[in-house]
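Student: when you get a sec, could you give me coordinates for this:
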Amino acid sequence: QVQLVESGGGLVQAGGSLRLSCAASGGAFTLYNVGWFRQAPGKEREFVAAITWSGVSTMYADSVKGRFPISRDNAKKMVSLQMNSLNPEDTAVYYCAAGRGYLTRSPNDYEYWGHGTQVTVSS
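Tutor: Numbers count the residues shown, from 1 in each chain. Here you go, the predicted model:
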């Protein structure tokens, strides 16, 4: 099994930046793709970004493309999401998840999940 722990959330003003981290333990983390998802109050969980196990390929939601680069360091078992130019619509709980196979936007294709970290963007 893979255990995932998110960190780096917090309160930031619109236009600011935050860097989220997803630390992994257990299992063969380097074999897993990792995705970031978010869920705002009253809304469904939505895809944000994903990166393949090798770090070669990435995928982004249109709403964050160009603002939220995703990266990983397999030696440190860490995946990061750099969030720039934040706006109030980015307010949500952010989750990282690990899955095998093709890189995908569907949360159903990710096997392991962290407990989330809250990001709040004030206007």
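Student: from here on, just use CA atoms for contacts and neighbour counts.
Tutor: Will do.
Student: could you find the closest non-adjacent residue to residue 61?
Tutor: Among residues not flanking residue 61 along the chain, residue 48 sits closest, at 5.2 Å (Cα to Cα, 6 or more residues apart in numbering).
Student: quick check: that neighbour touching residue 58?
Tutor: No: at 10.9 Å, residue 48 does not count as touching residue 58 under the criterion of Cα atoms under 8 Å.
Student: ok, those two, which is more surrounded?
Tutor: Using other Cα atoms under 10 Å as the criterion, residue 48 and residue 58 rank with residue 48 on top: 23 against 18.
Student: tell me the pLDDT at that one?
Tutor: The model reports residue 48 with a pLDDT of 98.
Student: so which strand or helix has it?
Tutor: strand 46-51 (DSSP states H and E).
Student: centre of the chain versus that strand, how much separation?
Tutor: 6 Å (Cα atoms, centre = their mean, to the nearest Å).
Student: stretch 42-58 too?
Tutor: With Cα atoms, centre = their mean as the basis, the mean position of stretch 42-58 lies at 6 Å from the chain mean.
Student: just the buried residues of that stretch, please?
Tutor: 45-53, 55, 58 (16 or more other Cα atoms under 10 Å).
Student: closest to residue 16 out of those?
Tutor: residue 48 (17.9 Å; Cα to Cα).
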